[in-house]
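J.: Below are the sequence and a predicted model for it; my questions follow.
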Amino acid sequence: MSDHNRLLVVDDEPEMRSMYRDVAEEMGFRVEEAGNQAEFVVTYDKHDPTAVLLDLTMPDIDGVELLRDLADRGCAAPIILASGQDERVISTAQRLGRMFGLTMIAVLQKPVAVSALEGALRSVWLEAAGVTVAGLEKAIAMERFVPYFQPKVDLQAKDGFPIIGCEALIRWMHPTRGIIMPGEFISLAESNDLIGPMTEILLRATIAELTTWHRRGISLPISINISAKQLTDLTLPDRIASMLSDAGLDSKLLAVEITEQAAMADTRKAADILTRLRLKNIAVSLDDFGAGYSSLAEIYRLPLSELKFDRSLIMDLDHDPDARTVVKALVTLAHQLGMPVCAEGIETSETAEYLRSIGCGRAQGFLFGKPVPAEDFLELVLAQAMAGAKIVALDGRLTA
Ligand code: C2E
Ligand code: MG
Ligand code: MG
């Protein structure tokens, strides 16, 4: 990242420049300032900035002239425009910048709010990281997304923690940046209508993996994450079911995880889709339970096959007696409502033992295994099968 952190701020007002500097430096940028055209030329040539924040309206310079100047210099750095002019003027200047071939990534209306400035600077980081809408579109076209698999284990087994399934977690295999984690791009995909095609790629890869396992005699279920946006797509259950049947796979082998937030946003539509998934024998887990504000009283009417307790509920168990009381009560209540519980984010054997002692059935966490590529996960499963351990599918069937 440090290669991409040279920000040039061009503004005639020293107070504005120092505000920009404070915020940008806190976000890891090295900041150079220019207060007029002459300074701009010298500073630009000396520092070769990787991002430019430009005030459109300065007394001795015409901002549009400056944009043309940047274009003439072959500037590839992303540009943030700021101005006290009305929005139309700024957006016209932005369009003009694009016509000059410049990368215009954000506009700021003066007076500039710190949060808006932070947002604009964050897009500089993401741009540098290749996480842009255009980058996502390209990655979708080239199918650069793959699932990593994290084991899900039985906490109540007599002997050890046998693998009973896994979760598919998306990874973007970027040609120059390497692996990009979902936290960096899922929300960008969601807000640009790209989450559908992205999930489709993951779904296909997951089903291909299930098919490979099936051929090798392993029938472990895989859970995939479905975003809030997709819970309004009424065709989803049919699409998933037909992909499974086309592959000749039992629909019990695929489960869907939806977040608590998504389920509660439009409960009627969620209930509709979830019910149809269940009718097609596709299990539905409620992900991230405990990270939001809904209570079991609101959730228990949804046709859920499992509750996944968020890491935030689990991580304090070792040192906080109150956290233990809360989790124990929640596990008991979930069981009384007929919902199995999977605890997420288990990193220590103390946590695992505590959860086992209060009857929590399933678990996921670095203690049992990090998310790994398909080949590595298959090896893990085969090693377990070789060791004579029984692999038990979520519905209780013995499968290996
Ligand atoms: P999630 O579905 O709750 O997945 C669990 C996340 O916790 C994963 O992060 C996993 O690597 C991490 N994790 C598991 N065990 C531990 C542990 O013991 N300690 C710690 N510190 N972390 C642990 P990851 O892979 O970065 O995924 C983050 C989130 O991105 C997921 O949270 C899920 O909400 C979303 N996501 C991942 N793949 C997809 C996808 O294909 N589609 C959609 N819509 N969202 C996805
Ligand atoms: Mg999940
Ligand atoms: Mg979760």
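T.: Cool, got the structure. Ligands and ions are numbered 1, 2, ... in the order given.
J.: So what touches the longest helix belonging to the chain?
T.: The single longest helix within the chain, with elements called by DSSP state H, is helix 195-215. Contacts with helix 195-215, where a contact means CB atoms under 8 Å, 6 or more residues apart in numbering, come from 136, 140, 143, 145-147, 149, 168, 170, 186, 189, 219-220, 222, 224, 226-227, 229-230, 233, 240, 243-244, 247-249, 253-254, 374, 378, 381. (Glycine included, C-beta is placed from N, CA and C.)
J.: Could you do stretch 289-309 as well?
T.: Contacts of stretch 289-309 (CB under 8 Å, 6+ apart): 255, 257, 259-261, 263-264, 267, 270-271, 274-275, 278, 283-288, 310, 312-313, 327, 330, 333-334, 337, 339-344, 360, 362, 364.
J.: Please check the residues you listed and keep the buried ones.
T.: The neighbour count (16 or more other CB atoms under 10 Å) marks 255, 257, 259-260, 263-264, 270, 274, 278, 283-288, 310, 313, 327, 330, 333-334, 339-344, 360, 362, 364 as buried among the contacts of stretch 289-309.
J.: Buried by neighbour count: which residues of the longest strand seen in the chain qualify?
T.: Secondary structure of the chain read by DSSP state E shows that its longest strand is strand 163-174. Of all the residues in strand 163-174, those buried under the rule 16+ other CB under 10 Å are 163-172, 174.
J.: follow-up on the earlier one: close to ligand 2, is the longest helix of the chain?
T.: No. Contact of helix 195-215 with ligand 2 (CB under 5 Å from the ion) is absent, the minimum separation being 12.1 Å.
J.: Just want the angle from that helix to strand 163-174.
T.: Helix 195-215 and strand 163-174 are oriented at 130 degrees to each other (axes from the mean of the first three to the mean of the last three CA atoms, to 10 degrees).
J.: Quick check: next helix or strand after helix 195-215?
T.: Next along the chain after helix 195-215, taking DSSP states H and E as the criterion, comes strand 222-226.
J.: hmm, that next one in reach of ligand 1?
T.: Yes. With CB under 6 Å from any ligand atom as the criterion, ligand 1 is reached by strand 222-226 at Asn225.
J.: Pull out the buried positions in the helix or strand that that strand is followed by.
T.: Using DSSP H and E, the helix or strand that directly follows strand 222-226 along the chain is helix 236-246. By neighbour count with 16+ other CB under 10 Å, helix 236-246 contains the buried residues 236-237, 240-241, 243-244.
J.: need these in a markdown table with distance to Ala385 and pLDDT, can you?
T.: Below are the buried residues of helix 236-246 laid out as a markdown table (distance: CB to CB, whole Å; pLDDT from 0 to 100):
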| residue | distance to Ala385 | pLDDT |
| --- | --- | --- |
| Leu236 | 33 | 88 |
| Pro237 | 32 | 91 |
| Ile240 | 27 | 93 |
| Ala241 | 28 | 94 |
| Met243 | 26 | 95 |
| Leu244 | 23 | 95 |
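J.: hmm, back to that, out of the buried residues of strand 163-174, name the two that are farthest from one another.
T.: Ile164 and His174 (32.4 Å; CB to CB).
J.: quick revisit: quick check: helices, which of the buried ones among the contacts of stretch 289-309 are part of them?
T.: Secondary structure from DSSP H places 260, 263-264, 270, 274, 278, 313, 327, 330, 333-334 of these in helices.
J.: Spell out which parts of the stretch 1-150 of the chain neighbour ligand 1.
T.: So the stretch 1-150 of the chain meets ligand 1 at Gln150 (CB under 6 Å from any ligand atom).
J.: in the stretch 1-150 of the chain, what spans have low per-residue confidence?
T.: Flagging of the stretch 1-150 of the chain using pLDDT under 70 yields the residue ranges 1-3.
J.: OK, contacts around the residue of it found nearest ligand 3?
T.: Relative to ligand 3, the nearest point of the stretch 1-150 of the chain is Gln150 (10.6 Å; CB to the ion). Going by CB under 8 Å, 6+ apart, Gln150 touches 166-167, 169, 364, 369-372.
J.: Quick one: mean pLDDT for stretch 273-281?
T.: Across stretch 273-281, the average pLDDT comes to 92.
J.: residues in contact with it?
T.: Contacts to stretch 273-281, defined as CB under 8 Å, 6+ apart, come from residues 231, 233-234, 236-238, 240-241, 250-252, 256, 258, 263, 284, 302-305.
J.: okay, which residue of this structure is out on the far edge from center?
T.: Going by CA atoms, centre = their mean, the residue of the chain most distant from its centre is Asp60, 45.1 Å out.
J.: Could you look up the SS state of that one?
T.: coil (DSSP: H, G, I helix; E, B strand; the rest coil).
J.: Start at 22, not 1
T.: Happy to do that; since the first residue is 22 now, the last one works out to Asp81.
J.: Correct me if wrong: it contacts Gln58.
T.: Yes. Asp81 lies in contact with Gln58 (CB atoms under 8 Å); the separation is 6.3 Å.
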